[in-house]
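S.K.: sequence first, predicted model second:
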Amino acid sequence: MRLQASSSVAFDESPAVSGSKSGELLRVESLRKVFASGTQEIAPLDGVDICVERGEMIAIVGPSGAGKSTFLHLLAALDTPTSGEVYFAGNSLRSLAEAELAEYRNRAVGLVWQRHHLLPDFTASENVAMPLLIQGTPVGCALREASERLAEVGLADVVEHPAGRLSGGEQQRVAIARALVNVPSLLLADEPTGDLDERNAEAIFELMQRLHRSHQLTSIFATHNLSLARRADRVLNLEHGKLAPAGEARVTRV
Ligand SMILES: Nc1ncnc2c1ncn2[C@@H]1O[C@H](COP(=O)(O)OP(=O)(O)OP(=O)(O)O)[C@@H](O)[C@H]1O
Ligand SMILES: [Mg+2]
C-alpha cells in the first residue's frame, strides 16, 4: 500500500508493491454490529471471526438481510462496529485516527458495488481518475493512469465516452477499473454481478479473477450467485449473525 509519508501507521504494503505474498492481511475478532429498528435492536453481525490470508479470494453468501453489506462496510471502515475488532496488516482500524482511516479507505481498499455509482456525464476515464484527482494527482497523470486501467478491463475504446452511455456490463468494468486505480491490496465487492445478465455476470467474474491474480489482490465479495461463489478459494455463509464455512463449498477453515 502506498501510504503518504504523513501517515504514522505502518500499514503493510500491497504485495504488488512490496513483493510480500503470504501471511495474514485481515483479521476480524468478535465483530458485532447492532442497529436500532424502531423500539427493537437487530444484530446482523453477532460475533464474526475470520482470518484472511494475503491472496485469498473469499465469497460471502447468505440470505438477504443477513448482514453481508454491513460486514463489507465495516471491513472498508465505512461504518464502525458496535464491538469487536478489524485488523488490517496488524493494525486495529479502531485505533486509527480519522486521517489514517481516510488513508485506509482511499488507498488500501478498492470497492465495487452492485450499482456502480459512476458519474454519468463524466467520461469513463474521468470516472476512473476521480479517486486520484481527489487526492491531488495532476490531471494528465490521473487520466493516463485511468486509461491504462480501462485498457486492462477491456475498455480502451470507450475511454472518452460518457459513463452514462455505456452498457451495464461496461459500466461495471469502469467501476472495477476505478476500484483498482489506487493500487489497493484489498478488493471488496458487494454483489458485483447482481445487476447483470448471466453472460455479463460471468464475464465480470472472470475479469475479477484475472485482476485478483495479476494485481496480487486479496478479494472478498458478497453474492447471491452460488455457482460464482463456489469458484472462490473459500465460501463463507453469513447467517444469524455468524460467519461459517458454507456447506457444499471447497472450504477448509474460517
Ligand atoms: N443503517 C442501518 N440502520 C438500520 N438497520 C440497518 C442499517 N443497515 C442495515 N440494516 C439492517 O441490517 C440487516 C442487514 O442488512 P444488510 O444490508 O447488511 O444485508 P445483506 O445481507 O447485505 O442483504 P442483501 O443480500 O439483500 O443485500 C438488515 O435487516 C437491514 O435492514
Ligand atoms: Mg447487501
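M.R.: Yep, that arrived. Ligands and ions are numbered 1, 2, ... in the order given.
S.K.: make it CA atoms for all contacts and neighbour counts henceforth
M.R.: OK.
S.K.: give me the element S30 is part of.
M.R.: Assigned by DSSP states H and E, S30 belongs to strand 24-37.
S.K.: list the contacts of that strand.
M.R.: The contact list for strand 24-37, computed with Cα atoms under 8 Å, 6 or more residues apart in numbering, reads 41-54, 70, 81-90, 218.
S.K.: what's the following helix or strand after that strand?
M.R.: Tracing the chain past strand 24-37, the next element assigned as helix or strand by DSSP H and E is strand 40-53.
S.K.: wait, does the strand holding S30 contact ligand 1?
M.R.: Yes. Using Cα under 6 Å from any ligand atom, strand 24-37 reaches ligand 1 at F35, A36, S37.
S.K.: again with stretch 60-74
M.R.: Yes. Contact of stretch 60-74 with ligand 1 (Cα under 6 Å from any ligand atom) involves P63, S64, G65, A66, G67, K68, S69, T70.
S.K.: what mean pLDDT does that stretch have?
M.R.: The pLDDT scores in stretch 60-74 average 97.
S.K.: could you pull out the buried residues of that stretch?
M.R.: For stretch 60-74, the neighbour count (16 or more other Cα atoms under 10 Å) marks I60, V61, G62, A66, G67, K68, S69, T70, F71, L72, H73, L74 as buried.
S.K.: give the contact list for the third one.
M.R.: This means G62. Residues in contact with G62 (Cα under 8 Å, 6+ apart) are K68, H224, N237, L238, E239.
S.K.: which two in those residues are spaced the farthest apart?
M.R.: Taking Cα to Cα as the measure, those span a maximum distance of 13.2 Å, between H224 and E239.
S.K.: what about the two, which has more around it?
M.R.: More crowded of H224 and E239, by other Cα atoms under 10 Å: E239, with 19 against 16.
S.K.: touching, the more buried one and P63? I think so.
M.R.: Yes. Using Cα atoms under 8 Å, E239 is in contact with P63, at 7.1 Å.
S.K.: how about the strands in the stretch 151-254 of the chain?
M.R.: With DSSP state E, counting those that start in this stretch as the criterion, the stretch 151-254 of the chain has strands at 186-190, 218-222, 234-239, 242-245.
S.K.: mean pLDDT for those - can I get that in a markdown table?
M.R.: Formatted as a markdown table, those follow (pLDDT from 0 to 100):
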| stretch | mean pLDDT |
| --- | --- |
| strand 186-190 | 97 |
| strand 218-222 | 98 |
| strand 234-239 | 97 |
| strand 242-245 | 95 |
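S.K.: as JSON lines, those strands with distance to P131 would be great.
M.R.: Converted to JSON lines, the strands of the stretch 151-254 of the chain look like this (distance: least, Cα to Cα, whole Å):
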{"stretch": "strand 186-190", "distance to P131": "15"}
{"stretch": "strand 218-222", "distance to P131": "20"}
{"stretch": "strand 234-239", "distance to P131": "30"}
{"stretch": "strand 242-245", "distance to P131": "32"}
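S.K.: residue nearest the centroid of the chain?
M.R.: L188 (1.5 Å; Cα atoms, centre = their mean).
S.K.: which strand residues bridge that residue?
M.R.: Bridge pairing for L188 (DSSP bridges) gives the partners L111, I220.
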